[in-house]
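> With the sequence up front, the predicted model follows.
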Amino acid sequence: MVYLKVAYNGREFYGSQIQPDVRTVEGDIFKILKNQGIEATNLGFLSRTDKGVSALSNILKLEVKEELNLRKITHELEDIWIYGVTNDKLNLPLMKTYRYYLFDKGYDENLIREGLSFFNGNHDFFSFSKFNGYEETKRNIEAGYRKDGQIYIFEFKGKGFLWQMIRRIVGSIVDYVEGNLSEEDILAALAGEKTINSRPFPPEYLLLYNIDDKSNMYYDDYVIRALKRRFLDLFSDLSARSLLEKESFEQISETEKLIKREKSFEFNSRVG
């Protein structure tokens, strides 16, 4: 039994779990293992992620007889980095940390803080998940946030999360802030007294930030350096793109002001 620590760019995959006819994280990993002549039995990720959701620190559990060369495996993968491995027996379930990144569209921060506080603790999250028909829907989570510039960074910690749970919590918080969902409705749903239809926010801004394995994990420094280079490239690209979009927005806004002034001048000329 081995556990692999894996990071991946979820925007390129239809989720972590193997599915027919679509690209998945498990599918790519086991394809490479097979190509390298390694026989492995897939026992799944400790935290499954949906299409578009990324992970900085997910853990894949598998049965394998051969010793794995993380550098060789990762070299053949795209958008996936396997940077740690352990044979330790992990005491499941492990504490997981997810982060959701929400752009501030002028939200009242006091209401953001208040809305998030409703979800902290032990509740029934049936209304705030996509029910799969068999899982118990009560969960105990720790919810908090911080703000970096114009971005709210929500952090959720817990040993188990339901399908789309975090994305629907974020959607409900925004609905509460915008006045589309009342405190009474949220609290009643969390108590299991009523059902509401929460909306899931986009998966691309959700990150599985960490799984606290508390093991003697071996980390490959070569793969970690490659992962750092990838993040630096992404950060540089996104920073340039962000400035491009910002200045484009400002230029169009200035042009819009000119149009309004011209229309006002034309109207005043006609009246005069």
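Here it is on my side, so go on. Residues are numbered from 1 along each chain as shown.

> quick one: low-confidence parts of the stretch 151-272 of the chain?
Applying pLDDT under 70 to the stretch 151-272 of the chain picks out residues 260-272.

> Do a quick rundown of the strands in it.
With DSSP state E, counting those that start in this stretch as the criterion, the stretch 151-272 of the chain has strands at 151-158, 206-212, 218-219.

> Okay, now the sheet partners of the last one, with direction.
So the one you mean is strand 218-219. Paired neighbours of strand 218-219 in the sheet (DSSP bridges): strand 80-86 (antiparallel).

> Checking Y98 next. Helix, strand or coil?
strand (DSSP: H, G, I helix; E, B strand; the rest coil).

> How many neighbouring residues does it have?
23 (other C-beta atoms under 10 Å). Placement of C-beta: from N, CA and C, glycine included.

> Likewise for T74?
For T74, using other C-beta under 10 Å, the count is 22.

> just the CA coordinates of stretch 210-229, formatted as PDB?
Output in PDB follows, covering the C-alpha atoms of stretch 210-229 (Å, rounded to 0.1, in the frame of the first residue of the first chain):
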ATOM      1  CA  ASN A 210      -4.100  20.600   2.000                       C
ATOM      2  CA  ILE A 211      -4.700  17.100   3.400                       C
ATOM      3  CA  ASP A 212      -3.000  16.800   6.800                       C
ATOM      4  CA  ASP A 213      -1.600  13.200   6.600                       C
ATOM      5  CA  LYS A 214       0.800  13.400   9.600                       C
ATOM      6  CA  SER A 215       3.000  10.800   7.900                       C
ATOM      7  CA  ASN A 216       6.700  10.400   7.100                       C
ATOM      8  CA  MET A 217       6.100  11.500   3.500                       C
ATOM      9  CA  TYR A 218       9.100  11.400   1.200                       C
ATOM     10  CA  TYR A 219       9.100  14.500  -1.000                       C
ATOM     11  CA  ASP A 220      10.900  14.700  -4.400                       C
ATOM     12  CA  ASP A 221      12.700  18.100  -4.600                       C
ATOM     13  CA  TYR A 222      13.000  17.900  -8.400                       C
ATOM     14  CA  VAL A 223       9.200  17.600  -8.800                       C
ATOM     15  CA  ILE A 224       8.600  20.300  -6.300                       C
ATOM     16  CA  ARG A 225      10.900  22.700  -8.200                       C
ATOM     17  CA  ALA A 226       9.100  21.800 -11.400                       C
ATOM     18  CA  LEU A 227       5.800  22.600  -9.700                       C
ATOM     19  CA  LYS A 228       7.100  25.900  -8.400                       C
ATOM     20  CA  ARG A 229       8.200  26.900 -11.900                       C
END
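
> can you give me the helices in this protein?
With DSSP state H as the definition, the chain shows helices at residue ranges 25-35, 70-75, 109-117, 165-177, 183-190, 221-271.

> Of all these, which one is nearest Y152?
Comparing the helices of the chain by their distance to Y152 (C-beta to C-beta), the top pick is helix 109-117, with 6.3 Å.

> Summarise which helices and strands the closest one is packed against.
In terms of contacts (3 or more C-beta pairs under 8 Å, 6 or more residues apart in numbering; DSSP states H and E), helix 109-117 is packed against strand 138-148, helix 165-177.
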